Every structure is written in structure tokens, then in C-alpha cells.
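J.: Below: sequence and its predicted model.
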Amino acid sequence: MGTNAPLLGEPLPVELMNTIWADRNGGYDALSTPAETTGWLQATGHDVTQAPADLALQLRELRDALRQLAADATDDPRPRTSNVDALAVVNRACALAPSWSSLNTDGSVVRICARTTTEQAISKIAEQAVSLFSGDHRSRLRACLAPGCVLFFVRQHPRREWCSASCGNRARVARHYDRHH
């Protein structure tokens, strides 16, 4: 099935935030239908065969909350698209999948969830978002400020300024144009 959303190898919560993207033809949403939501979940490694209709809505709500938290964390100057109680949304998503650890005879630990696969997926993303916004990655989270880009990324290298090489090229071209016109 797959997804059209840009998958940049970022932490899962950042990948969810980036399910909204833009190019010169307009803006896109990779979670606008249950089929697209299923494709994105499968592309990001979740074992979901068919997402229920309300899952796309839940993921969009979580995405909007994460984008709001990321905008706050990065002092993102771009206009905001939503105004939700972001912390409440993330905490509610974390609570979807009560889980516990189970120790195997070989000494390995397995997390067991008592909920459905889709609730596990939402909870997993929300749990990773809590780690992202409360851990070391928070200070490395960046908004890509290339012209027309709406994506976020985690800065792995001190010189990285954009989410992708194409955004870097677009920003350099825009600076060149501004200098010469």
C-alpha cells in the first residue's frame, strides 16, 4: 500500500508531524482517508491491515497536538494551523494502551498490550512523543524554515538547517534571488 508522505528517517512522532507537507502544487495530508492512514502506518512499521475510520481522526488530532508542541519547542515562526490542548491530547493517546512487561525465560523483556493494534500504534507514537519532548531530542528538534516547507526534523549534525537536501537547495536559491533582485 505505502504512503506519499515524506519519510525522512526521523523519530516516529516527527514522522507523524510530517504527514502534512507541501510542494509547489499545494498542501497534502497523508491521513485524510482510512486507506491513506493504513498505508502510512504500514510504511512506518505498524502491523495494521485496515485502519478503522476513527483512527485517521485520532491520528490527525495527535498530529496537530504534536505540531503545536513542536512549534512551541522550536519557536517556529510559521503560522499555526490548529489550537488544541496539546498536552491533553498526547496524554489521552498515551493512555489508550495499558501495557506491562513480561520477562521471558531467556532474560528478554516483552511489552504486552491489552488493546487493539490500532490503539497500540497511537499509544506507541504518543509515548515516543513524550520521550521526544521531555528528553535530549527536544533541544535538537527544528522546524524546517525553507520556503514553502512545513516539516520538522531532529538535528543530528550541528550544521543541518533543513529537513532535506531539496529544502536546502530551495533556501539557497531563494537567498540568491533576494540578493540579486
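T.: That came through fine.

J.: is it true that Q156 lies in a strand?
T.: No. Under DSSP: H, G, I helix; E, B strand; the rest coil, Q156 sits outside any strand and is assigned coil.

J.: what's the residue nearest to it when sequence neighbours are not counted sitting at in phi/psi?
T.: Of all residues not flanking Q156 in the chain, R140 sits nearest, at 7.4 Å (CB to CB, 6 or more residues apart in numbering). Heads up, the C-betas are built off the backbone N, CA and C, glycines and all. Backbone geometry at R140, expressed as degrees, to the nearest 10, gives phi -100, psi 0.

J.: Which pLDDT value does the model give R140?
T.: Listed pLDDT for R140 reads 95.

J.: what's around it, how many residues?
T.: The tally of other residues near R140 (other CB atoms under 10 Å) stands at 16.

J.: ditto for T117
T.: Using other CB under 10 Å, the number of residues around T117 comes to 15.

J.: ok, it touching H46?
T.: Yes. The criterion here is CB atoms under 8 Å, and T117 meets it with H46 at 7.3 Å.

J.: Pull up the pairing partners for the worst-scoring helix or strand of the chain on mean pLDDT, direction included.
T.: Least confident helix or strand of the chain, by mean pLDDT, DSSP states H and E, is strand 99-103 with a mean of 73. Paired strands of strand 99-103, with direction, are strand 109-113 (antiparallel) (DSSP bridges).

J.: just the CA coordinates of the strand it pairs with, formatted as CSV?
T.: Extracted as CSV, the C-alpha positions of strand 109-113 are listed here (Å, rounded to 0.1, in the frame of the first residue of the first chain):
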residue,chain,number,x,y,z
VAL,A,109,11.6,-8.5,28.2
VAL,A,110,8.5,-8.1,26.1
ARG,A,111,5.9,-5.4,26.4
ILE,A,112,2.3,-6.8,26.3
CYS,A,113,-0.6,-4.6,25.4
